[in-house]
Structures are given as C-alpha cells and as structure tokens.
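Enquirer: here is a sequence together with a model predicted from it:
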Amino acid sequence: MKTILITALIGIIGGIIDILPMVKMKLDKYSIISAFVFYLIMPFIIFNTDLFGTIWWIKGGIMTLALGVPVIIIVSKEDKKSIPPMVVMSVVLGTLIGVAGHFTI
C-alpha cells in the first residue's frame, strides 16, 4: 500500500510540473487533463517494467518519450512549434520520475 501511495504521489507531482506551463499558456482544459493523467499513470508503468536491462536512471525518460510519441504526432498536426518542448518535457520528467522511484521505492 505504501508503494502505491508513493507512486501516485510521484505521478501527481510530475503531472503538476507538466501542466503548470500549460495552465499559464491557457491551453484547452482537455489537453491539460490529458497531460496530467499521462504523468499520473507513468510512474506505475516505469516502476513495474523491466526495459531490457537499461540503466535505471534513463529508463523513465525512454519509456515516457516512447509512450508520448502518439500524442506528439497528434499535436504536431496543429502546432509544429510544440514538438521540441513536448519531447524535452517527456524525457526530463520521465527521467526525474525514474530517479524519484529509484530512491523512494
């Protein structure tokens, strides 16, 4: 039970970090909710998946980017300038989630 709560807390923190710039830019509420839920769920996937012996600190970034690619493709149809920030945020937040999980769980 403790592990689930810590994982959810890491996801909530990651989601809040991701949506703060989106709220500041006054993006669509569905985009904000989607991004928050994505980062809320990512720690559960990262912490419970073995990625072919990948180094622990990079696993989160790789997995978050890989699972974020479909969303990035959809968004790129309307706004090509948002691709680099989305890729960077996926890698950075995914890596931070992986590091947080490594040291807390």
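Expert: Happy to help now that I have it.

Enquirer: any chance of the backbone angles for the nearest residue to residue 22 once chain neighbours are set aside?
Expert: Leaving aside its sequence neighbours, residue 22 sits nearest to residue 32 (C-beta to C-beta, 6 or more residues apart in numbering; 5.0 Å). Heads up, the C-betas are built off the backbone N, CA and C, glycines and all. Backbone torsions for residue 32, taken as degrees, to the nearest 10, come to phi -70, psi -50.

Enquirer: low pLDDT regions in this protein?
Expert: For the chain, no stretch is flagged by pLDDT under 70.

Enquirer: report the central residue of it.
Expert: Nearest residue to the geometric centre of the chain (C-alpha atoms, centre = their mean): residue 39, 4.0 Å.

Enquirer: what sits against that one?
Expert: Counting by C-beta atoms under 8 Å, 6 or more residues apart in numbering, residue 39 makes contact with 11, 14-15, 17-18, 93, 97.

Enquirer: one more: residue 56?
Expert: Counting by C-beta under 8 Å, 6+ apart, residue 56 touches 98, 102.

Enquirer: returning to that earlier point: which helix or strand contains the residue nearest to the centre of the chain?
Expert: Assigning secondary structure by DSSP states H and E places residue 39 in helix 29-47.

Enquirer: hang on, the earlier thing: state the distance from the residue nearest to the centre of the chain to residue 53.
Expert: 25 Å (C-beta to C-beta, to the nearest Å).

Enquirer: next: residue 93.
Expert: 23 Å.
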